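1. pasting the structure only:
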């Protein structure tokens, strides 16, 4: 029996693939769970239409992520913090602090998308990476100065 996959199924195929499977596997597992539909002409056309819509939506999301990445990379943050011996900060600059500083500059970014290798605990120049989705990342420059 030929079916069109509506979801990715391990060892079978990706979304939109037309595959030939055993009748029982299709009737008892794939179709009832919504993983596949019968491969009729009507269903093939409908799946191609859904693919085009999904690709257009993904392209739009990618473009908006690229625009947001440009905005984020244009911003440079600077923090003032109390410093102890050997230029070590009392406390640290965390992802939450960076998200708040970006919001204050008019750039809204979810704090869970900001990635630091480790919390910033020293004076100087640092960078943070912000994952904006679909392989779009932006690097932001952070300067930490003594108070």
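-> Great, that's in hand. Source: prediction; values computed, not measured.
2. can we go C-alpha only for contacts and neighbour counts from here?
-> Noted.
3. next, count neighbours for the closest residue to residue 130 other than its chain neighbours.
-> Leaving aside its sequence neighbours, residue 130 sits nearest to residue 114 (Cα to Cα, 6 or more residues apart in numbering; 4.4 Å). Counted with other Cα atoms under 10 Å, the neighbours of residue 114 add up to 21.
4. so who does residue 114 touch?
-> Contact partners of residue 114, counting by Cα atoms under 8 Å, 6 or more residues apart in numbering, are 95, 99, 128-131.
5. tell me, what residue is most central in the protein?
-> residue 133 (2.8 Å; Cα atoms, centre = their mean).
6. residues in a beta bridge with that residue, which ones?
-> residue 136 (DSSP bridges).
7. how close does it get to residue 110?
-> 12 Å (Cα to Cα, to the nearest Å).
8. tell me how many other residues surround residue 39.
-> Count around residue 39 with other Cα under 10 Å applied: 19.
9. now do the closest residue in space to it that isn't next to it in sequence against residue 114, distance only.
-> Sequence neighbours aside, residue 3 is the residue nearest to residue 39 in space, at 4.6 Å (criterion: Cα to Cα, 6+ apart). Counting by Cα to Cα, the gap from residue 3 to residue 114 is 41 Å.
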